[in-house]
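# After the sequence you'll find the predicted model.
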Amino acid sequence: MSARVLVGVKRVIDYAVKIRVKPDRTGVVTDGVKHSMNPFCEIAVEEAVKLKEKKLVKEVVAVSCGPQQVQETIRTALAMGADRGIHVEVSGKDYETLGPLQVSKILAALAKKEQADLIILGKQAIDDDCNQTGQMTAALLDWPQGTFASELTFEADKLKVVREIDGGLETIMIKLPAVVTADLRLNTPRYATLPNIMKAKKKKIANVKPADLGVDVSSRLEVLKVDEPPQRQAGVKVETVEDLVGKLKEAGRI
Amino acid sequence: MVVGHGVRCLSQLAELPELHQMMRQTCRDYAQKELAPIAAQLDKDHKFPAKQVKELGAMGVMAVEVPESLGGAGMDYLAYCLAVEELSRGCASTGVIVSVNNSLYLGPILKFGTEEQKKQWITPFTTGDKVGCFALSEPGNGSDAGAASTLAQQEGDEWVLNGTKAWITNCWDASATVVFATTDKSLKHKGISAFLVPMPHPGLSLGKKEDKLGIRASSTANIILEDCRIPLGNMLGERGMGFKIAMQTLDSGRLGIAAQALGIAQAALDCAADYAHKRTAFGAPIGKLQAIQFKLADMALATESARLLTWRAAMLRDAKKPFTKEAAMAKLAASEAATFVSHQAIQVLGGMGYVTDMPAERHYRDARITEIYEGTSEIQRLVIANNILKEYQQ
């Protein structure tokens, strides 16, 4: 198999951090806050590296869009086993307004440039929860998509994807080249081993600008304000099932 | 400190190199996800974390300094100290298991072993499938290492070992040991030699597992040698070199213990600082009270100072500069920090610090040994004083 896999990795605020809204309500506090690779992107990288270990793909390329700091995220992907990285430089206001549409345009352009056969992304990022980039990338490339993948198998020149859907599991067969987005149960990402962290240092990260790819990163969306979710109100305890039904009727819930 | 090619200058202590930051993060992630949740149970059950040791082996952490050609990670001692600290922050027992394997078992073989010995005694011990131990102390002598009464007599093409070794960490879970025995009693400490003994082995038996105050997931017991026969080729280094090997090994080993102590101190500080935010008394979180604030400040200061001493000693060692005094300072500072910080952490937690619901009591118990093994605090003070007096030699 001479397949080349492109894996998108996003630098997000670490899942364990308590998010605080900025006083001016334009966004959340990111300065000095711990960031890490989006957990679903970790699963995507792990899947790509596993495919390479099974010799089903030849090369894994990790891509991230953002300022200088995203290079740490790319290096983590390299330490997990990706072969090389591409850093698409987006900073300042452009980075603040960067969203799925622009990223999918970038990924589509890179997929063509790098002649990728497969793109694996996380199903969504834990900061914006958009769940759009994979789908948009496939549409822009006119490639089939296997989203919310919990299992991925190669069968000749096709991909068998088991998808997690509301009703259960759906199995589809899609032709390569394709876009797959990783769901939680696809795999358990490995810890970077020390030798791989050492090797990662020598792997190359290429720098590219969106303009080089013919992509305009200006946003069509404007964030009006960001607020904390409403404070949770205390609940009410009831003695019997009848009381419960009564209260629900009162509240107009049933 | 000299700034030169390959020698990191002191200003780099402020910001670790990217490689080290990455490996520190991976160890921290592993410790928080895989060790911290089970540490209390491991302690309760006195259970060796075999699964975790294998996983750490696969990560390269069981043989950090061993070159890749022998199956190790090929990283430097600073990286090793960072790894042990992060792992100990999750589970102090796992920290010492990693430290003993790296510093006390692999260390001397890497430094003094022949190429053949390295292949046989190092490579299988890099994967986490096998761990080693270090048998120097005896029931009759700990600090007085030169008085080793375990004997090694040559009989034809074999060495025959007889004697008892005490307080051997890892021994119930080990597959090999570095043993120190007297080959020439008349030469006193210059008559001690080092030997490699596989475990299990005829003539080698283990005493009962000690029921310890802390680090209970790591096994500690006597090793009893009765007519234990090993090939002549199992001598490590030259005859009579044993004391020198032991002392040099302990110089490095004490940085591993310093790192373990730092991990315990940090874990205790984590616990106390978190509690200070959550516990309210007198109408506000107790973190608002100066009494608590002063404690937290002193705890953080003690930990950070010891950490910088540890990193500095590790950097000196990596630069192949003398580091004996600095290593002793690091171990002394870190172990005293661990006992101080864990003591204060219980104080901050009050009654909650005294019960097993919170990890503070375990940190308190785990910390205590760091002032004793791999050179007591008293010995560290002697080492430091000797070095200072030498510097000021008239």
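Good, I have the coordinates.
# contacting residues around whichever residue of chain A sits closest to chain B?
Closest contact between chain A and chain B, by Cβ to the nearest Cβ, is at residue A:194 (3.5 Å). Using the backbone N, CA and C atoms, a C-beta is placed for each residue, glycine as well. When contacts are counted by Cβ atoms under 8 Å, 6 or more residues apart in numbering or on different chains, residue A:194 touches B:23, B:26, B:59, B:60, B:61, B:64, B:73, B:75, B:79, B:83.
# what about the fourth one, neighbour count?
It stands for residue B:60. A count of nearby residues for residue B:60, using other Cβ atoms under 10 Å in any protein chain shown, gives 29.
# Would you mind confirming that it is in contact with residue B:79?
No: counting by Cβ atoms under 8 Å, residue B:60 does not reach residue B:79; the two are 9.8 Å apart.
# re earlier: any figure for the gap between the residue of chain A closest to chain B and residue B:148?
As judged by Cβ to Cβ, to the nearest Å, residue A:194 and residue B:148 stand 35 Å apart.
# Kindly report the same for residue A:7.
Counting by Cβ to Cβ, the gap from residue A:7 to residue B:148 is 57 Å.
# Mind jotting down where the strands sit in the chain?
Going with chain A. Here chain A has its strands, by DSSP state E, at A:4-8, A:11-13, A:35-37, A:59-66, A:84-89, A:118-122, A:145-155, A:158-165, A:168-175, A:178-182, A:205-208.
# actually it's chain B I care about, not the one you picked
Under the criterion DSSP E, strands of chain B are mapped to B:131-135, B:151-155, B:158-169, B:174-182, B:192-198, B:204-206, B:220-231, B:235-236, B:280-281, B:284-285.
# which residues do residue B:60 and residue B:79 both contact?
Common contacts of residue B:60 and residue B:79 (Cβ under 8 Å, 6+ apart): A:194, B:73.
# ok, residue 127 - contacts?
Picked chain A for this. A:12, A:13, A:38.
# think we crossed wires, I meant chain B
B:54, B:57, B:58, B:62, B:71.
# Grab the nearest non-local neighbour of the second one.
If I follow you right, that is residue B:57. Among residues not flanking residue B:57 along the chain, residue B:128 sits closest, at 1.9 Å (Cβ to Cβ, 6 or more residues apart in numbering or on different chains).
# I'd like to know how far the closest residue to residue A:89 other than its chain neighbours sits from residue A:4.
Spatially, and ignoring its direct neighbours in sequence, residue A:89 is nearest to residue A:209 (5.4 Å; Cβ to Cβ, 6+ apart). For residue A:209, the distance to residue A:4 equals 22 Å [Cβ to Cβ].
# what do you get for residue B:124?
38 Å.
# Same question for residue B:312.
Going from residue B:312 to residue A:4 by Cβ to Cβ gives 46 Å.
# ditto for residue B:142
In this view, residue B:142 and residue A:4 are 60 Å apart by Cβ to Cβ.
# try residue B:195
In terms of Cβ to Cβ, residue B:195 sits 54 Å off from residue A:4.
# which of these two has more neighbours?
The neighbour count for residue B:195 versus residue A:4, taken as other Cβ under 10 Å, is higher for residue B:195 (23 against 18).
# where does chain A dip in pLDDT?
Applying pLDDT under 70 to chain A flags residues A:1.
# which stretches of it form helices?
Assigned by DSSP state H, chain A shows helices spanning A:39-53, A:70-80, A:93-96, A:100-114, A:133-141, A:194-202, A:241-250.
# The residue of the stretch 251-394 of chain B found nearest chain A: what's it in contact with?
Using Cβ to the nearest Cβ, residue B:277 is the residue of the stretch 251-394 of chain B that sits closest to chain A, at 10.7 Å. Counting by Cβ under 8 Å, 6+ apart, residue B:277 touches B:285, B:287.
# where does the stretch 1-150 of chain B dip in pLDDT?
The stretch 1-150 of chain B contains residues with pLDDT under 70 at B:1-14.
# residues from it in reach of chain A?
Within the stretch 1-150 of chain B, the positions adjacent to chain A are B:18-19, B:22-23, B:26, B:29-30, B:55, B:58-61, B:64, B:68, B:73-75, B:79, B:83 by Cβ under 8 Å from any Cβ of the partner chain.
# Using neighbour counts, trim these to the buried set.
By neighbour count, with 16 or more other Cβ atoms under 10 Å in any protein chain shown, these hold B:19, B:22-23, B:26, B:30, B:55, B:59-61, B:64, B:68, B:73-75, B:79, B:83 as buried.
# quick one on the thing from earlier: right, so the strands of chain B: which one is the most enclosed?
Of these, the one with the most neighbours on average (mean count of other Cβ atoms under 10 Å in any protein chain shown) is strand B:131-135, at a mean of 28.
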